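In: A predicted structure for the sequence below; I have some questions about it.
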Amino acid sequence: MKQGLVNLLPPATLAAVFAFWAFAPQAWVEAPWTIVVVGLVVIAFVQVMELVFERHEGWRINRRELATDIFYVAFGYGVIGFLSDTLINSPLRELKQELGIATPWLADMPFLVQVLAVMLLFEFGQYWMHRAMHNWHPLWLTHAPHHHVTQLNAMKGFIGNPIELFLISLGVIALLDVDLNALFAAITGAGVIATYAHANVRADPPIWYGFLFTTIRNHSLHHTALSYEDTRCNYGNSVILWDRVFGTYREGESAVVGQDERKRLSIREQWLFPFLPWLEKRKLAGG
């Protein structure tokens, strides 16, 4: 019975986040700090759940991993968030006004319909971007550092090369007319799913949840250390449904994750990784 309750943690957390945004006072919804606080509370909660309901001993968090993870969470919320809003979302909102793009019918839909529409659309773009990163070498060089993590934890979804982190944040949801609380529910709800999908928590959600949303089982298989080829599946960051639709879903789980003989990269190595071929050629030319 205890394990059955643990298995309900991902859907229960997701439901709690949806409920918060559905019933939050409008002043809270409009406050710029609310979405950040909700996201950080979710991460902290799931990180604590790792300590209570550990999935793999080999993924147990340590000080070095925790410090790196916290750095990337701050970098993601601060730098990547600023860049994506300034360079992508704000120009898209201006373009929307100039071209008269409108989806008022979506804003009239029930709250949950709006939330799922935003999640599905954003994850559709993420799916194809992620898939491209595993099928085109220049993009793989930006994404590979994320696959060099040698254990999965609640904040590991934030880790990667800055180029990849920016690219994976791109989307067109700024063109949609949806209620602000539905938009924030979709963003933080996807964060809940992605956090559990990277977390060392012994939770295997119900079948309906795993059919629609990404879980630690299928995402750990995506991070498998077996080979690069074996990572080319289960691309959904939060919505695994697109993998089922486009034929890239694979059943299974991997307790051993990483790439290149499971070499863990430092932050400096992660940031330089896409430029290594060029640096090596320059070194050989200079030698």
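Out: Sure thing, it's come through. This is a predicted model, so every value here is computed, not measured.

In: any weak-confidence spans in this structure?
Out: When residues are selected by pLDDT under 70, those of the chain lie in 1, 286-287.

In: what does the longest helix belonging to it rub up against?
Out: Here the longest helix in the chain is taken by residue count, with DSSP state H as the criterion, and it is helix 111-133. Contacts of helix 111-133 from elsewhere in the structure, counted by C-beta atoms under 8 Å, 6 or more residues apart in numbering, are 18, 22, 106-107, 109, 139-140, 142-143, 164, 167-168, 170-173, 176, 178-179, 181-183, 185-187, 189-190, 235-239, 241-243, 246, 248. From N, CA and C alone the C-beta is placed, and that goes for glycine too.

In: Sort out which of those are in helices and list them.
Out: In helices, judged by DSSP H, the following of the contacts of helix 111-133 are found: 18, 22, 106-107, 139-140, 142-143, 164, 167, 181-183, 185-187, 189-190, 241-243, 246.

In: which of the contacts of helix 111-133 are buried?
Out: Under a neighbour-count criterion of 16 or more other C-beta atoms under 10 Å, the subset of the contacts of helix 111-133 counted as buried comprises 18, 106, 109, 139-140, 142-143, 164, 167-168, 171, 173, 176, 178-179, 181-183, 185-187, 189-190, 235-239, 241-243, 248.

In: Could you give the number of residues near the closest residue in space to residue 141 that isn't next to it in sequence?
Out: With C-beta to C-beta, 6 or more residues apart in numbering as the criterion, residue 141 has its nearest non-adjacent residue at 4.1 Å, and that residue is residue 274. Residue crowding around residue 274 was assessed by other C-beta atoms under 10 Å; the count is 20.

In: next one: the one 5 residues further on
Out: A total of 10 residues lie near residue 279 under the criterion other C-beta under 10 Å.

In: tell me the phi and psi of it?
Out: Dihedral pair for residue 279: phi -70, psi -40, per degrees, to the nearest 10.

In: Ok, residue 213 next?
Out: On the backbone of residue 213 - angles per degrees, to the nearest 10 - the values are phi -120, psi 160.

In: For it, give the beta-bridge partners.
Out: In this structure, residue 213 bridges to residue 239 when assessed by DSSP bridges.

In: Wait, it touches residue 192, no?
Out: No: using C-beta atoms under 8 Å, residue 213 is not in contact with residue 192; the gap is 9.2 Å.

In: Could you pull out the residues contacting both of these two?
Out: Between them, residue 213 and residue 192 share the contacting residues 10, 14, judged by C-beta under 8 Å, 6+ apart.
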